[in-house]
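Student: got a predicted structure here, sequence first:
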Number of protein chains: 2
Amino acid sequence: MIHEQDDITATDCIIAIRELLDANDSVGLNQFLHQLEDVERVRIVSRFPVEIQTAIVVALGGEQAAEVLHSLPIVQSSEILGELEPEVAVDVLKNFPMDEQADLISEISAEDQESILAIMDAADADAVRDLSDYDNDLAGGIMVVEYLSFEENETANGVINHLRENVEKYNDFDVQYAFVVKKDRTLIGVLRLRDLLLSSGSSQIGELMIKDPLSVSTETSLPDLHVIFTEHRFVGLPIVDSSEKLVGIVRRSDVESAMAEKFSTDLRRSQGVISEELRTMPLMLRSRRRLAWLSVNILLNIVAASVIAAYQDILTQVIALAVFLPIISDMSGCSGNQAVAVSMRELSLGLVKASEVLRVWLKELTVGLINGFALGLLVAFAAILWKGNPWLGIVIGMAMFVNTIIAVSIGGTLPLIMRGLKLDPALASGPILTTVTDMCGFFLVLSLASQFIDKLV
Amino acid sequence: MIHEQDDITATDCIIAIRELLDANDSVGLNQFLHQLEDVERVRIVSRFPVEIQTAIVVALGGEQAAEVLHSLPIVQSSEILGELEPEVAVDVLKNFPMDEQADLISEISAEDQESILAIMDAADADAVRDLSDYDNDLAGGIMVVEYLSFEENETANGVINHLRENVEKYNDFDVQYAFVVKKDRTLIGVLRLRDLLLSSGSSQIGELMIKDPLSVSTETSLPDLHVIFTEHRFVGLPIVDSSEKLVGIVRRSDVESAMAEKFSTDLRRSQGVISEELRTMPLMLRSRRRLAWLSVNILLNIVAASVIAAYQDILTQVIALAVFLPIISDMSGCSGNQAVAVSMRELSLGLVKASEVLRVWLKELTVGLINGFALGLLVAFAAILWKGNPWLGIVIGMAMFVNTIIAVSIGGTLPLIMRGLKLDPALASGPILTTVTDMCGFFLVLSLASQFIDKLV
């Protein structure tokens, strides 16, 4: 009911767009889309079914179509790309930088990929294939291949003239640096365009350039890139292959954007959304994707609960224990996840190495001792207050104490072990951690209770 | 035990740094620090106690000190800043861009802030004060105030000469665009340095500039900035105040970096780490910060468990229910958090507006019906298989079904409601959601069981 005005406008927009499509009025459509506010346009276009979205892209064609595709989430833009005729797809794609072409193409079916690559310019198709080979968490996977490079013996004037003659080509380049290479493309320097601008025209760029520039390899990991860009204020860094040849550049904004995407994905995964979901997707797909994760979880939950089932006789005798089981389960999960979060943070800031498992474990052990004691005391008091039986308090409190220590020990070290095994540390928090801490927690409460059963009944 | 070699090196580094400090050899110290790999240097320096870190900064002084501070997490660099003599602090700070000076200064005590600002250049101190006023999730909070601006009637040659004469000053500027303003600083155009480079020297910049450039206000929110930079390929955007006067620029990399930080913070919060924690912090501080959140959680858990306590007699009669309570609790939390994650994603991509609560609720309701039914069926089967009593299956299954619908309804809509109330949507997932779904889940299982108690015993 809030913003009723806006909602009417949104419906009007949708009707207007459909009318412009029916009338085949691509100029009018383009004008209409541009006149919308940026934040409104994405929202409106993203709501159309894929056929209409494809029709919009076809009607606009070329650069305008690329703008629309670029603004949509990649799950939608790649779906549209898959719907386009290969000729139209190539016409739209050529308005994207090579790395984004590779990202988009790698999301569509192998068959569609081949039909698009087949009619693409051969050199471009090769570049796209090369870029698709790199993982998105390596420098090679986020590098751009649109950059300026010159040989060291060229003069400042020569470079400026070259730039003048190729204004069109370089229009979308992020022109702030040019790279200086030998004939065989070995990187030897970086030339700031500003230094070029301020030089006398006859100087050779070999004299103007910054020598021995910092460079990274195609295999440098995203977290390492992030640390390097935090240490230095560079806007971009050259990327070289194993024989020191220049193959691309990685820009600060791309590293930051990849980190944002990584954290955002980690956040969603930790909340049980493993595959991208948008509410515009078909109901059954959304439901199935969520259910895939929930089913694994419920099975693990049943496994953990089987520990309780094994102690039914104890529970029947001391029914109060049943009240505390969900508390122990939830609190151990919390303590474990805190430790996971701190380890993931330290890993992403470069403050800890995968091999420092022992150091982290000792650091967690001390926190676990204190917090386990505090939490144990708290539930023990709650139990004694409620039932007036100190033995119930001792059993519940002890279980909470020990299980907190177990939870932080696993939670703190698991991300490092995962990183050491080249697995994603974000996988450490999640169903497995919870299941293990649940089983330990239930076992501790119930086996301790069975030890002191005569004091509890 | 892995990488033993590396660990010895790290210890050697620490000894070497302490020796260089004792010998007061700042040149040697600087050389030593530079010769370390980037990723190693952060890790080693971050491990020292704050007194040694401060000594390193004092020994290096000026630009080198700023480099070290810049590489550390802000909780550490601001702590060091607070330890420095005001004169040294100012000397180090002036190597940072204004916005980073503001970020650092706003982290230290009000008293230390004033003693630093008092001896700073007056104009700089004002700029720092202004920048500190903006929230970090608004354009004003992430803007930089180091940019080039010229009036429209200057010539290309005039601008180039000005740049030549001020090479030193502009050394750290991100010089790719210059902004064209009227005398009163009203923004009227953007000048690409490339167009300046390629122009004839006598043209007025009013002719070379791009007119009516896109600009954002100081109050533009971070998510809106993110959407705008996703829609357009700009490297930076000018920021104007309420009277269209140019006050700063916001760069793509800063927006991406702020988004990364936001997602990273959301991730940690969702895992119960509310305040920044590094394992180099004192044990009691780390323990207390985690415990603050755990204590809230345990109290809410006890509240939720009181629902179980109220139905002790039912539980005693049907002890099997106790096995399913933690399952219902955990699974409802999972389903609810999935819905939270999808809503937060859609909000951050600009695909949904805060006012569309009804739309989101209907979308979640359908998923909830399907997934609730599937999960309900699954636990029902498990219950029947285990106990052979179909009524137990019906009770557990029904409770799971209804509670899944409740969980996704709350989880999906809460982030939108939070955003509508200008609160952080990330707060929606967490103890409150879990407590509500726990209470509903326990109540559903136990009240249904009490309805069918004669069939269950």
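Tutor: Structure received. The shown structure was predicted, so the numbers you read here are calculated from the model rather than taken from an experiment.
Student: and the strands in chain A, which stretches?
Tutor: A:148-151, A:177-181, A:187-192, A:210-211, A:216-217, A:236-240, A:246-251 (DSSP state E).
Student: now for the second one, which elements pack on it?
Tutor: Based on contacts counted as 3 or more C-beta pairs under 8 Å, 6 or more residues apart in numbering or on different chains; DSSP states H and E, the elements that strand A:177-181 packs against are strand A:148-151, strand A:187-192, helix A:193-197, helix A:205-208, strand A:246-251. From N, CA and C alone the C-beta is placed, and that goes for glycine too.
Student: check what pLDDT A:T9 gets.
Tutor: At A:T9, the model reports a pLDDT of 68.
Student: and the strands of chain A as TSV, adding distance to A:A125?
Tutor: Output for the strands of chain A, formatted as TSV (distance: least, C-beta to C-beta, whole Å):
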stretch	distance to A:A125
strand A:148-151	22
strand A:177-181	24
strand A:187-192	25
strand A:210-211	34
strand A:216-217	25
strand A:236-240	21
strand A:246-251	17
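Student: mind putting those strands in TSV, mean neighbour count included?
Tutor: Converted to TSV, the strands of chain A look like this (neighbours: other C-beta atoms under 10 Å in any protein chain shown):
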stretch	mean neighbour count
strand A:148-151	18
strand A:177-181	24
strand A:187-192	20
strand A:210-211	12
strand A:216-217	18
strand A:236-240	24
strand A:246-251	23
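Student: got those as JSON lines, with mean pLDDT columns?
Tutor: Below are the strands of chain A laid out as JSON lines (pLDDT from 0 to 100):
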{"stretch": "strand A:148-151", "mean pLDDT": "89"}
{"stretch": "strand A:177-181", "mean pLDDT": "89"}
{"stretch": "strand A:187-192", "mean pLDDT": "90"}
{"stretch": "strand A:210-211", "mean pLDDT": "88"}
{"stretch": "strand A:216-217", "mean pLDDT": "93"}
{"stretch": "strand A:236-240", "mean pLDDT": "92"}
{"stretch": "strand A:246-251", "mean pLDDT": "92"}
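Student: right, and the helices and strands packed on strand A:177-181 - which one's nearest B:L347?
Tutor: Among the helices and strands packed on strand A:177-181, strand A:246-251 comes nearest to B:L347, with 26.7 Å by C-beta to C-beta.
Student: identify all contacting residues around the closest one.
Tutor: Strand A:246-251 is contacted from outside by A:139-140, A:142-145, A:147, A:149, A:174, A:177, A:179, A:181, A:185-187, A:215-216, A:218, A:225, A:235-241, B:253, using C-beta atoms under 8 Å, 6 or more residues apart in numbering or on different chains.
Student: returning to that earlier point: which one of the helices and strands packed on strand A:177-181 lies nearest to B:L416?
Tutor: B:L416 sits nearest to strand A:246-251 of all the helices and strands packed on strand A:177-181, at 33.8 Å, using C-beta to C-beta.
Student: pull the closest one out as PDB, backbone CA atoms only.
Tutor: Provided in PDB are the C-alpha atoms of strand A:246-251 (Å, rounded to 0.1, in the frame of the first residue of the first chain):
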ATOM      1  CA  LEU A 246      52.100  -9.500 -20.600                       C
ATOM      2  CA  VAL A 247      48.700 -11.100 -21.000                       C
ATOM      3  CA  GLY A 248      46.300  -8.700 -19.300                       C
ATOM      4  CA  ILE A 249      45.600  -6.300 -16.500                       C
ATOM      5  CA  VAL A 250      43.700  -6.600 -13.300                       C
ATOM      6  CA  ARG A 251      42.000  -3.500 -12.100                       C
END
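Student: what angle do it and strand A:236-240 make?
Tutor: 150 degrees (axes from the mean of the first three to the mean of the last three C-alpha atoms, to 10 degrees).
Student: so how far is strand A:246-251 off the chain centroid?
Tutor: Counting by C-alpha atoms, centre = their mean, to the nearest Å, strand A:246-251 is centred 21 Å from the centre of its parent chain.
Student: now that strand against strand A:177-181, angle please.
Tutor: 160 degrees.
Student: per the record, what domains does chain A have?
Tutor: As given by automatic domain parsing, the domain ranges for chain A are A:4-133, A:148-270, A:283-456.
Student: what residues does stretch A:40-56 touch?
Tutor: Residues outside stretch A:40-56 that contact it (C-beta under 8 Å, 6+ apart): A:10, A:13-14, A:17-18, A:21, A:29, A:33, A:36, A:65, A:68, A:71-73, A:76, A:79-80, A:83-84, A:278, A:280, B:227, B:230-231, B:349-353.
Student: hang on, the earlier thing: compare the domains of chain A and give me the one nearest B:Q338.
Tutor: Judging those by C-beta to C-beta, what sits closest to B:Q338 is domain A:283-456, at 5.2 Å.
Student: tell me which of the domains of chain A sits most buried.
Tutor: domain A:283-456 (a mean of 21; mean count of other C-beta atoms under 10 Å in any protein chain shown).
Student: quick one: terminal-to-terminal distance for that domain?
Tutor: Using C-alpha to C-alpha, to the nearest Å, one end of domain A:283-456 lies 51 Å from the other.
Student: same question for stretch A:450-457.
Tutor: Per C-alpha to C-alpha, stretch A:450-457 runs 11 Å from first to last residue.
Student: residues making contact with that stretch?
Tutor: Everything outside stretch A:450-457 that qualifies as a contact, by C-beta under 8 Å, 6+ apart, is A:Y311, A:I314, A:Q317, A:V318, A:N389, A:W391, A:L392, A:I394, A:V395, A:A449.
Student: I'd say the first one and A:L446 touch.
Tutor: Translated: A:Y311. Yes. With contact defined as C-beta atoms under 8 Å, A:Y311 counts as touching A:L446 (3.8 Å).
Student: ok, A:E67 to B:V323 distance?
Tutor: A:E67 is 56 Å from B:V323, where distance means C-beta to C-beta, to the nearest Å.
Student: now the residue most central in space within chain A. Nearest residue, chain neighbours left out?
Tutor: Compute the mean C-alpha point of chain A, and by C-alpha atoms, centre = their mean the closest residue is A:K262, 2.0 Å away. Excluding the flanking residues, the one nearest A:K262 by C-beta to C-beta, 6 or more residues apart in numbering or on different chains is A:L222, at 6.7 Å.
Student: residues touching the one you found, list them.
Tutor: Per C-beta under 8 Å, 6+ apart, neighbours of A:L222: A:N136, A:D137, A:L138, A:A139, A:I142, A:V255, A:A258, A:M259, A:K262.
Student: do you know the pLDDT at it?
Tutor: So A:L222 comes in at 90 (pLDDT).
Student: over to A:S242?
Tutor: Reported pLDDT for A:S242: 89.
Student: and it, how far from B:D195?
Tutor: Computed as C-beta to C-beta, the A:S242 to B:D195 distance reads 39 Å.
Student: in the stretch 151-300 of chain A, which spans are helices?
Tutor: Assigned by DSSP state H, counting those that start in this stretch, the stretch 151-300 of chain A shows helices spanning A:156-165, A:193-197, A:205-208, A:222-231, A:252-270, A:283-310.
Student: among these, which gets the worst mean confidence?
Tutor: helix A:193-197 (a mean of 75).
Student: quick one: list the elements packing against it.
Tutor: Short answer (3+ C-beta pairs under 8 Å, 6+ apart): helix A:193-197 packs on helix A:156-165, strand A:177-181, helix A:205-208, helix B:156-165, helix B:193-197.
Student: let's see it at 7 Å
Tutor: Judged by 3 or more C-beta pairs under 7 Å, 6 or more residues apart in numbering or on different chains; DSSP states H and E, helix A:193-197 is in contact with helix A:156-165.
Student: quick one, what contacts A:V159?
Tutor: Neighbouring residues of A:V159 by C-beta atoms under 7 Å, 6 or more residues apart in numbering or on different chains: A:F150, A:A178, A:L196, A:I205.
Student: for it, give its distance to B:L198.
Tutor: A:V159 is 12 Å from B:L198, by C-beta to C-beta.
Student: how about A:A65?
Tutor: Separation of A:A65 from B:L198 (C-beta to C-beta): 29 Å.
Student: got it, and A:L84?
Tutor: For A:L84, the distance to B:L198 - C-beta to C-beta - is 36 Å.
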